[in-house]
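1. coordinates only, sequence not included:
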């Protein structure tokens, strides 16, 4: 059976419609004929179900510009896994208005056992090569299918979570602290600051009262009136900006937003992240497992898929969820009321 | 007992020499007196062994510019772990000429039970804050003690390994391949290319001969005369540079150096690295665990400690060793005969 390429569509006759669409979910009916996306035609060529497109076999069709090799590899992989799927094009069956025309979505994947005629969607998939740039703003409702240079595929599910917790403690005001070059030391802090609030780290595990705060913790507590240092919160902010630049403001915003949500952020340094977080801290004595790793980025951040893979793999290995906190510029309108958009990314096996 | 600060040294009398140096490895004898580095004096103040330096107690001394807070935290931690250590200053006992004056080394740590008078060295330690820049060229013979913003310390041992293996296979010449936009497909490859050489990845796991090569694999094989594509090795190189820039040349150099050493590199994408490597591939059927994760960098790369922590933590979690392949510029003289310097970084618990 042969087909013809016309613009971005491959056309075949009524027999193809019956055999490929009605029975196996390829393409869409147009009149009595079948219209296939080039990637669908490539798959039918690959399987030997279609003899040629304008006389070209699979090898010639794949080497042409009509079809993207990464699209083909992902399409084939999802078919191999037992899914029917359609290209995310307007007016295709199963493709709703929220994905048609969304440049981040390439395929609409139906639940196993379903097809374009059922109206259910399992995944909205965006295909990228490992060297392509992925704007953070495109993510949140799409499964990223990353094709690496050796043609293996990694699926990354992206979502927009809403981190919340039950942590919180009433603190006394005006504890004295010394601002050092990259931390603040409280020589005689209120005990509950650490024991209940999980602020800071003791200078000496074996005893002694002195408590060290990071500059982010100190800036937050100084703004709340809990910490008193020479120069006030402004001095801590200045120091933070001196050692870290604008990123200090973004990290402080995310730190404050998490505390506001009842979630305790602590350093994520050992995991290469900004923060690890604890949703339910009643007492440091009785600390659970930290749930999230948080990396703070500007809202206009553009990911490299490999950096994403690194973060997500590490988080998975330590049984945490990777969350990116996207912070809008001070003047911007993006994000929630706290100016932060939360983006989770997890490995998916479709 | 009191001491006085003079320049970068703290001086105390003969009683201090006996009590702190002879019995516990602090400072160095100068005449009958004791000379202490400020960080040692800070530790003695912290312990209450010294009453003051020019009248200043621990709190005032730590807040002064005389002593670095990160140096103090690492010094204290190593003392807490049962080590004696000296500042890496010329003419101090136990400090040999190869570390004195090396800006990457701050402390010489003696084996447990030994001190400055024994002549053995367990670790040469460099102290950095998590936000400091660490030039790759400084690493290889030093333990990096990274103090994070919450004052926790991560020790990273750096070395210059010499990766070798026993992999290697004789291959026939001139297999035909099609150059696609980011890979090469061989429709009828010699079987041993994949089965014995572990080059490429089959297009279809379930059967069929077609083999996909990454551009790096293809460029290497084209240079060796094993692969024949339209335009030859030059066309593959051009495509690689088009999708990846100069980094393609660096990665190809590292790929070729590893193959030359009997080590098989495969993509490290799932681990966020350039390559994972197998030292002893006899057959793909009988593949062992991959041993190294390799990240390819320019020889003048400057690390952020947090990126290092991320890579090293991930590698540790998957039971591999993180190795950085530092590639000198084409005209440069750095690195081994292949222009590559190998740098391993692993977590250490002193």
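-> Yep, it's here. Every value quoted in this text rests on a predicted model; they were computed, and no experiment measured them. Numbering: from 1, shown residues only, chains lettered A, B, ... in the order given.
2. Let me know the distance separating residue A:218 from residue A:259.
-> Here residue A:218 is placed at a distance of 13 Å from residue A:259 (Cβ to Cβ, to the nearest Å). C-beta coordinates here come from the backbone N, C-alpha and C atoms, glycine included.
3. out of the two, which sits in the more crowded spot?
-> residue A:218 (28 against 20; other Cβ atoms under 10 Å in any protein chain shown).
4. burial measure for residue A:264, as a count.
-> If you count neighbours by other Cβ under 10 Å, residue A:264 ends up with 24.
5. which residues touch stretch A:52-72?
-> A:2-5, A:10, A:38-39, A:41-43, A:45-46, A:51, A:106, A:127-129, A:147, B:178, B:180-183, B:185, B:187 (Cβ atoms under 8 Å, 6 or more residues apart in numbering or on different chains).
6. Could you list the buried residues of that stretch?
-> A:52-53, A:56, A:58, A:61-63, A:66-72 (16 or more other Cβ atoms under 10 Å in any protein chain shown).
7. Grab the two from those residues that are most spread out in space.
-> The most widely separated members of the buried residues of stretch A:52-72, counting by Cβ to Cβ, are A:52 and A:70 (22.9 Å).
8. which stretches of chain A have low pLDDT?
-> Confidence mapping of chain A against pLDDT under 70 gives the ranges A:93-94, A:96-98, A:100-101, A:206-207, A:330-336.
9. Kindly report the domain assignment for it.
-> A:2-129, A:169-248 (automatic domain parsing).
10. Tell me where the stretch 1-150 of chain A has helices.
-> Counting by DSSP state H, counting those that start in this stretch, residue ranges of the helices within the stretch 1-150 of chain A are A:14-16, A:23-24, A:38-47, A:58-63, A:69-80.
11. Tell me what angle the longest one forms with helix A:38-47.
-> In other words, helix A:69-80. Interaxial angle of helix A:69-80 relative to helix A:38-47 (axes from the mean of the first three to the mean of the last three Cα atoms, to 10 degrees): 60 degrees.
12. how about the residues of the stretch 101-250 of chain A near chain B?
-> A:129-131, A:146, A:148-152, A:154, A:178, A:180-183, A:185, A:187, A:200-201, A:203, A:206, A:212, A:214-217, A:243-244 (Cβ under 8 Å from any Cβ of the partner chain).
13. Show me which of those residues are buried.
-> Buried by 16+ other Cβ under 10 Å: A:129-131, A:146, A:148-152, A:154, A:178, A:180, A:182-183, A:185, A:200-201, A:203, A:212, A:214-217, A:243-244, out of those.
14. Now intersect the residues you listed with the helices, please.
-> Residues of these located in helices (DSSP state H): A:215, A:216, A:217, A:243, A:244.
15. List the contacts of the fourth one.
-> Okay, so that is residue A:243. Applying Cβ under 8 Å, 6+ apart, the residues near residue A:243 are A:181, A:182, A:215, B:129, B:131.
16. same thing but 10 Å
-> A:181, A:182, A:215, B:129, B:130, B:131, B:132, B:149 (Cβ atoms under 10 Å, 6 or more residues apart in numbering or on different chains).
17. And the helix ranked longest in chain A, how far out from the chain middle?
-> In chain A, taking DSSP H as the definition, the longest helix is helix A:246-260. The chain centroid and the centroid of helix A:246-260 are separated by 19 Å, computed with Cα atoms, centre = their mean, to the nearest Å.
18. same for it, what does it pack against?
-> On a contact count with 3 or more Cβ pairs under 10 Å, 6 or more residues apart in numbering or on different chains; DSSP states H and E, helix A:246-260 meets helix A:215-223, helix A:232-244, strand A:264-267, strand A:275-278, strand A:292-298, strand A:321-327, strand A:340-348.
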